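Novice: Would you be able to build a 3D model of this:
(chains A and B)
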Protein chains: 2
Amino acid sequence: MTVTRAIHRLTTLLGERLTLSKPVLEAHGRSETYFPLSAPDAVAFPRNTHEVAEIVKICAAEDCPVIGYGAGTSLEGQTQAPRGGVSVDFAQMAAIRRVAQEDMVAIVEPGITREALNEELRATGLFFPVDPGANATLGGMASTRASGTTTVRYGTMRDNVIGLEVVLADGRIIQTGSTARKSAAGYDLTGLFVGAEGTLGLITSLTLRLYGQPEAITAAACAFPSVDAAVACVIDTIQMDLSMARIEILDSATVAAFNSVAGAKMPECPHLLLEFHGTQASVEDMAESFGSIAQDHGGTDFEWAARPEERAALWRMRHHAYWSILQSRPGATALVTDICVPISRLAEAVAAAQEDIQAAGLPGPILGHVGDGNFHAILLFDPDSPAELRAAKAASDKMVSRALTMGGTATGEHGIGMGKLSYMEREHGAAWALMGDLKRTLDPQNIMNPGKMVPPRNAP
Amino acid sequence: MTVTRAIHRLTTLLGERLTLSKPVLEAHGRSETYFPLSAPDAVAFPRNTHEVAEIVKICAAEDCPVIGYGAGTSLEGQTQAPRGGVSVDFAQMAAIRRVAQEDMVAIVEPGITREALNEELRATGLFFPVDPGANATLGGMASTRASGTTTVRYGTMRDNVIGLEVVLADGRIIQTGSTARKSAAGYDLTGLFVGAEGTLGLITSLTLRLYGQPEAITAAACAFPSVDAAVACVIDTIQMDLSMARIEILDSATVAAFNSVAGAKMPECPHLLLEFHGTQASVEDMAESFGSIAQDHGGTDFEWAARPEERAALWRMRHHAYWSILQSRPGATALVTDICVPISRLAEAVAAAQEDIQAAGLPGPILGHVGDGNFHAILLFDPDSPAELRAAKAASDKMVSRALTMGGTATGEHGIGMGKLSYMEREHGAAWALMGDLKRTLDPQNIMNPGKMVPPRNAP
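Specialist: Predicted structure coming up:
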């Protein structure tokens, strides 16, 4: 068997850094959500780009699948190994190669997590803003084109990765982009690998845009009589060019979970959570403008969290929402939806999703990045009940179909992985075939995270 | 001859909207700078996407080159036709298909110019911010990945095009992206066509991000003792997260041209031109903060242009800089450089460029987008002197080599076209071959703007 031969050669290359230990394999074959275990045949822990290139060359020679692995926090089973093969875990490639403070750029290895990076950056006065909630690795965040709570101000990984080092499917190493802020020199290869979920190559280094830590930050929570009213408030706020750093929506069910599990004491109605970054004068100015817009839309119980501890508590609660909601139905597993629609359709999309959830007969609190038109329903189901899983999938399917009709997307930030391949043709039409052509060009043997992202291949 | 056959079939399709008129052919074969005339064999004026698809199918069947054409304002001869063929002029595809005001999105045809678009948007309170100076078309701006004076705040075309309709090299029509703000669904095809200079397909519609017109705008000019001091001031300003909408640098030679040609009365030393967007309070706040940083770096002659007319006059002068500088040496032609470097190296890169220009014995005023690390030397030479052209090219070549050594790029915003193909391999190394692979996949016959961007093909 060729995988056996690959493992033999990889052991020669990596020694103990190639493991066949069952618990390790299973840890790399699991997902954060409902997908069944799909373990790789081996897990490799390379220490540098050269080793990654050698791993890929061996796997190419032996026709063995190669799956990149960061922190395993993706929600669509991106790192699972349905065809077996070698999981390349970047835990030992987690260094910051360089911080260019004046250029506001960092060059990092893929295995560093966003919290570790920001910890290292603290003394420089700079930070990396993309915040998907989980403490994901930067390689993983780039590969799934992650975004999260700060996108409304700072953009997604697409906007904040300006260059990459990539090991291609034949083991060649390329550099994309530069350390300059922008370039018009040729095709945007950086953008091609960001969001490719490891199906076109393995990212071995990233050049990231950094930002100055804002002089002043202020956060707030505000209650609204309805999701509609909250969304209308957000639309007005964005059009007034108030540059919020975060603006998140919680529906009543999410607030209820926060109250019961996380000890919050919020009125059980839809809420916006906000954050402003700027100078002391500008955040006060923005907060005041926002307050008056909110009032116009029936906003009440406006609470400012100006002190860092209060702010941290607010966002901790938001970041732990997934776990609070899971706990609200003990023993449950989650299917997390991720549609993103034009913001003018958001209130309608949320209302319809709430109906879908009710029809499914499952708990499904909703929360999301309202400034981007992206929200998540966390559908809780009994993992031992195939009927509940079917109901959850059916509800999710209705939401995606509606999002596509509205000009939106099946996934704002969680990516395709194992869970959303079936929507690709509907979303992209003829463009999906083009993605398959690109995959075939960059990975003719189909060894890079195979079975994901692109149309299944016929015989060559 | 196959081009003859293509022309015959295109005439049947388009009637008088396929022209062979010599003045029209020549107008489409010219460049804004120093490249000799390379006229197409015919110019087509399609009215809709269907016609564009038919044009491309005919050209594919007849192996005839197809070159997209917007306003002809590109600086590297992107729209010239060195291998002849059909220039597809989008002048009659200049409609706004839709403005979704709440979503802050516009869907436009490629032939609309940025000034026409913003004129149409005025009443909505929204605007499209990318401003390369020239009144280019949106299709052209996307194809060259244009940016310009507002990039420091609003980003480049890469950041502001969220979806495309594209006619591929075989006439298929695809949609990329969506009207949602972000998506993690598959490869970023939008990003692949933005900056491809028409070598992978023809853009027939663009979905653009719009922004709220700022409540308050204020602009200023400030003199500095040296380029070094001005750049240091900019670095401090960016790190303080003062969100400038524009920050431009002029060297003394550019100021001299403004004084002698455009009637300015500025001290003949390096200047920064700035603009702040925000609320009344925030622009005042930012202006004050900037003023004190500038003073720390020896900034003087600080002049605010708060009134719209003063502001308009300031940016008109900046936008007409190219023409003022051309006029400063009557009869001269220009070679315009476009390197972009990490901002920490900018002062050094400008100083070295000034030496290169002096060594070349040519006038070469410098100005640029200092917040992005991108600047232009406008090298003026006698079009009848091959020696002067050689000297200009040699100076430009030195600047590019230095930019690449500094981790920068040969072109921040003007693109590759006819002028920078020779730098692609040096800048991208093995990644340039990958660009060639992508081109071969999307355009196997090499009919889309052939002879540009990618490595020359060997026999198939």
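Novice: remind me, longest helix of chain A?
Specialist: Looking only at chain A and at elements set by DSSP state H, the helix with the highest residue count is helix A:386-405.
Novice: gap between A:Arg457 and chain B?
Specialist: With the distance defined as C-beta to the nearest C-beta, to the nearest Å, A:Arg457 ends up 15 Å from chain B. The C-beta positions use only the backbone N, C-alpha and C, and glycine is treated the same way.
Novice: residue contacts, the spatially closest residue to that residue that is not a sequence neighbour?
Specialist: Spatial nearest neighbour of A:Arg457, excluding adjacent residues (C-beta to C-beta, 6 or more residues apart in numbering or on different chains): A:Asn446 at 6.1 Å. The neighbourhood of A:Asn446, defined by C-beta atoms under 8 Å, 6 or more residues apart in numbering or on different chains, consists of A:439-440, A:457.
Novice: how about A:Thr151, what does it touch?
Specialist: When contacts are counted by C-beta under 8 Å, 6+ apart, A:Thr151 is found next to A:130, A:369, A:371-372, A:374, A:413, B:181-182.
Novice: Can you pull the phi and psi angles for the residue nearest to A:Thr333 when sequence neighbours are not counted?
Specialist: Closest residue to A:Thr333 in three dimensions, ignoring its sequence neighbours and counting by C-beta to C-beta, 6+ apart: A:Pro383, at 4.2 Å. Listed backbone geometry of A:Pro383 is phi -60, psi -20, with angles given as degrees, to the nearest 10.
Novice: just A:Val161 next, same as before
Specialist: Summarising the backbone geometry of A:Val161 under the convention degrees, to the nearest 10, its torsions are phi -100, psi 120.
Novice: Would you check how far apart it and B:Ser183 are?
Specialist: Per C-beta to C-beta, to the nearest Å, A:Val161 is found 16 Å from B:Ser183.
Novice: More neighbours: which of those two?
Specialist: Set A:Val161 next to B:Ser183 and count neighbours by other C-beta atoms under 10 Å in any protein chain shown: B:Ser183 wins out with 29 against 25.
Novice: wait, that one sits on A:His414?
Specialist: No. Here B:Ser183 lies out of contact with A:His414, judged by C-beta atoms under 8 Å, at a distance of 10.7 Å.
Novice: Sticking with A:Leu434, tell me its helix or strand.
Specialist: Taking DSSP states H and E as the criterion, A:Leu434 maps to helix A:430-442.
Novice: Does the most centrally placed residue in chain A fall in a helix, a strand, or a coil region?
Specialist: The geometric centre of chain A, computed from its C-alpha atoms, lies nearest to A:Ala146 (C-alpha atoms, centre = their mean), at 3.4 Å. At A:Ala146 the chain is in coil, as set by DSSP: H, G, I helix; E, B strand; the rest coil.
Novice: If we ignore the residues flanking it in sequence, what's nearest it?
Specialist: Closest residue to A:Ala146 apart from its sequence neighbours, by C-beta to C-beta, 6+ apart: A:Pro132 at 4.3 Å.
Novice: Domain parsing of chain A, as residue ranges.
Specialist: Taking automatic domain parsing as the criterion, chain A consists of the domains A:2-91, A:94-212, A:216-323, A:329-405.
Novice: Now distance to B:Glu248 too, for those domains, in a markdown table please.
Specialist: Shown next, in a markdown table, are the domains of chain A (distance: least, C-beta to C-beta, whole Å):
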| stretch | distance to B:Glu248 |
| --- | --- |
| domain A:2-91 | 38 |
| domain A:94-212 | 15 |
| domain A:216-323 | 22 |
| domain A:329-405 | 30 |
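Novice: can you list those in CSV and add mean pLDDT?
Specialist: Putting those into CSV (pLDDT from 0 to 100) gives the following:
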stretch, mean pLDDT
domain A:2-91, 96
domain A:94-212, 97
domain A:216-323, 89
domain A:329-405, 96
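Novice: Single out the most deeply packed of those.
Specialist: Scoring those by mean neighbour count under mean count of other C-beta atoms under 10 Å in any protein chain shown gives domain A:94-212 as the most buried, with a mean of 23.
Novice: So what's the gap between that one and the chain middle?
Specialist: Computed by C-alpha atoms, centre = their mean, to the nearest Å, the separation of domain A:94-212 from the middle of its chain amounts to 13 Å.
Novice: now do stretch A:331-340
Specialist: Counting by C-alpha atoms, centre = their mean, stretch A:331-340 is centred 13 Å from the centre of its parent chain.
Novice: Appreciated, that's everything.
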